[in-house]
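In: Requesting a structural model of the entry that follows:
(2 chains)
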Amino acid sequence: MCAHPNPTDRAGGLIYQREFQAGLRKLSTNDYLVLAGTFHGVHAITRSITPKLPLAPSTSPVASSPGTTAPATSGYSYPNPGVPATGLEFLETDKFHLTCFQTLTGTKFLLFTDPLTGNVDTIMNKIYELYADYVMKNPFYQLEMPVRCEAFDRHLGAWLRGRT
Amino acid sequence: MAAPPRHVSMLSISNSNTGAPQSASSDKPQTPQPSPSPQPTSGLRVPSNRKTIYDRHLNRSRNAELSRASFAYLFAEMVTYAQRRVTGIQDLEKRLNEQGYPLGLRLLDLLFYRSTSTSSSALSSSSTSSSPPNRPLRILPLLHLIHGPLWRLLFQRSADALEHSVSPDTPNEYMITDNDPLVNTYISVPREMNMLNCAAFIAGIIEGVCDGCGFEAKVSAHNQPTEMWPSRTVFLLRFGDSVMEREKVLERNGVK
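Out: Numbers count the residues shown, from 1 in each chain, chains lettered A, B, ... in the order given. Take a look at the predicted model:
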């Protein structure tokens, strides 16, 4: 299994990057930053191109999902207006899978895995849980800044070591 | 536009109720009262069922546990608050200590109240109240009180070690060790502040307890990480000279 989750902040900046498989050929730090920024843009595009249905003229414009930036599309709505449009969640190639998990506040976790790796959702949930515990409850972590929390690293490493 | 009409209708209902039969209105306040007693306290307490924290018996600690996450957020805010307008790490630890100190003074009363009433039954409470509660007079009982009952009251387990300083120069120093302090569970101190230990808050609580018992002491928290316990913390208790003098007198007189 190879995996590197990259929490990306709301503006598309990379705040954490880690590999869980020793010996993988590494990208340069700059490449990771470019990757995170590019993915952030692509994610925004995929969200905004979500097809919309025209509204019947009688119904009032339902509270359009947050994040959509188009006053001109007020006559249109998503098929299920209560659920906001999500962007790219899964990307598949022959050699690897890329899973994106977006939190409610817009932080994205990218996980690159081997195509044979199962239970990516479980891994993702655990990473999110550890992030919520050891990063967000840490008074010394400043929002939107790179994550340098020793307890987070330690628990993430320990959990993944226990899985493999 | 939805809210005002509902309000009006509620008002009219309550008006008609008070105007009409008296028995109906007297029934109403009585029905909620029996319901809280069968179902024990669980989850968030709603003030409307008249069971706030002030109505509970002081001695009932079984279900009075707090969510660890809410405490973690609260403590994180306390650390952030203490960090404002602070000059250095020592200053920050002093502030955390000051936050814990009044807590220790007050916890002491609760601790004695609970430890005396659990050891004696309700019937013999009058006889035990005539004899003084088990207030520690010597240093060692005080340390056992902190190591055991106080730690259990705060963290539901005893502290991990209790030591006396081996150095002959400092006979007034004692160490209490906690392998994994609850307050530090989610905290990673940045590298440039690695001397800081946020358990200075607990050190403040201990200091409050010692002072409340009449033992003047200075308590500080120190990191002593091991491979197994990365957030192992040692609380160093330094008793004042007056305490040590009294200790000698008491020892001569055979007071335990």
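
In: I'd say residue B:226 and residue B:232 touch.
Out: Yes - in terms of CB atoms under 8 Å, residue B:226 counts as a neighbour of residue B:232; the distance is 5.5 Å. Quick note: C-beta positions are derived from backbone N, CA and C, even for glycine.

In: And these two? Which one has more around it.
Out: Using other CB atoms under 10 Å in any protein chain shown as the criterion, residue B:226 and residue B:232 rank with residue B:232 on top: 19 against 9.

In: Let me see the contact set for the more buried one.
Out: Residues near residue B:232 by CB atoms under 8 Å, 6 or more residues apart in numbering or on different chains: B:177-180, B:223-226.

In: go again using 6 Å as the cut-off
Out: Taking CB atoms under 6 Å, 6 or more residues apart in numbering or on different chains, we find residue B:232 in contact with B:179, B:224-226.

In: So which of the residues you listed wins on neighbours?
Out: Neighbour max across these (other CB under 10 Å) = residue B:179, 15 neighbours.

In: Without its sequence neighbours, what residue ends up closest to that one?
Out: Closest residue to residue B:179 apart from its sequence neighbours, by CB to CB, 6 or more residues apart in numbering or on different chains: residue B:229 at 4.3 Å.

In: How many residues are close by that neighbour?
Out: The burial count for residue B:229: 15, using other CB under 10 Å.

In: correct me, but it touches residue B:177?
Out: No - counting by CB atoms under 6 Å, residue B:229 stays clear of residue B:177, with 9.3 Å between them.

In: For the residue nearest to residue B:179, give its distance to residue B:184.
Out: Look at residue B:229 and residue B:184: by CB to CB, to the nearest Å, they are 11 Å apart.

In: hang on, the earlier thing: which phi and psi does the residue nearest to residue B:179 have?
Out: Dihedral angles of residue B:229 (phi, psi; degrees, to the nearest 10) stand at phi -120, psi 90.

In: Just the pLDDT for it.
Out: Per-residue confidence for residue B:229 comes out at a pLDDT of 90.

In: Contact residues of chain A facing chain B?
Out: Contact residues (CB under 6 Å from any CB of the partner chain) of chain A with chain B: A:133-134, A:137-140, A:149-151.

In: One more pass at 7 Å, please.
Out: By CB under 7 Å from any CB of the partner chain, the residues of chain A that approach chain B are A:133-134, A:137-140, A:148-152, A:154.

In: Show the buried residues in these.
Out: For the residues of chain A next to chain B, a burial check counting by 16 or more other CB atoms under 10 Å in any protein chain shown picks out A:133-134, A:137-140, A:148-152.

In: Of the residues of chain A next to chain B, which pair is most distant in space?
Out: Based on CB to CB, the longest span within the residues of chain A next to chain B runs between A:139 and A:154 and measures 17.8 Å.

In: what number of residues lie near residue A:92?
Out: With other CB under 10 Å as criterion, residue A:92 counts 10.

In: need the helices for chain A, in chain order.
Out: Per DSSP state H, chain A carries helices over the ranges A:29-48, A:120-134, A:150-163.

In: same question, the stretch 151-256 of chain B
Out: Using DSSP state H, counting those that start in this stretch, the helices of the stretch 151-256 of chain B run over residues B:151-155, B:200-212, B:241-253.

In: quick check: mean pLDDT across the shortest one?
Out: Per-residue pLDDT values across helix B:151-155 average out to 89.

In: same deal with the last one?
Out: Mean pLDDT, helix B:241-253: 91.

In: That one to helix B:200-212, inter-axis angle?
Out: On the basis of axes from the mean of the first three to the mean of the last three CA atoms, to 10 degrees, helix B:241-253 is oriented at 50 degrees to helix B:200-212.

In: what comes up buried for helix B:241-253?
Out: Buried residues in helix B:241-253 (16+ other CB under 10 Å): B:243, B:246-247.

In: could these go into CSV alongside distance to residue A:29?
Out: Compiled in CSV, the buried residues of helix B:241-253 are given as follows (distance: CB to CB, whole Å):
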residue, distance to residue A:29
B:243, 56
B:246, 62
B:247, 60
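
In: which residues sit against stretch B:154-162?
Out: The contact list for stretch B:154-162, computed with CB atoms under 7 Å, 6 or more residues apart in numbering or on different chains, reads B:143, B:147-148, B:151-152, B:176-179, B:182.

In: just curious, which of those is nearest to residue A:47?
Out: Relative to residue A:47, the closest of the contacts of stretch B:154-162 is residue B:182; by CB to CB it sits at 41.0 Å.

In: Please tell me how far the nearest residue to residue A:40 once chain neighbours are set aside sits from residue A:127.
Out: Spatially, and ignoring its direct neighbours in sequence, residue A:40 is nearest to residue A:12 (3.1 Å; CB to CB, 6+ apart). Distance of residue A:12 to residue A:127, given as CB to CB: 19 Å.

In: out of those two, which sits in the more crowded spot?
Out: Set side by side, residue A:12 and residue A:127 show more neighbours around residue A:127, with 22 against 16, by other CB under 10 Å.

In: okay, that one: pLDDT?
Out: Residue-level confidence at residue A:127 comes out at 90, pLDDT.

In: That one and chain B, how far apart?
Out: 16 Å (CB to the nearest CB, to the nearest Å).

In: Verify the contact between that residue and residue A:107 for me.
Out: No - applying CB atoms under 7 Å, one finds residue A:127 not in contact with residue A:107, separated by 11.3 Å.

In: Now do the closest residue to residue A:35 other than its chain neighbours against chain B, distance only.
Out: Nearest residue to residue A:35 in three dimensions, chain neighbours excluded: residue A:27, at 7.2 Å (CB to CB, 6+ apart). Noted for residue A:27: a distance of 25 Å to chain B, by CB to the nearest CB.

In: For residue A:27, report the pLDDT, please.
Out: pLDDT recorded at residue A:27 is 80.

In: Next: residue B:68.
Out: 89.

In: Contacts only, for it.
Out: For residue B:68, the contact set (CB under 7 Å, 6+ apart) is empty.

In: Quick check: buried residues in stretch B:191-203?
Out: Under the neighbour-count criterion of 16+ other CB under 10 Å, stretch B:191-203 has B:196-203 buried.

In: If anything else comes up later, I'll come back, but that's it for now.
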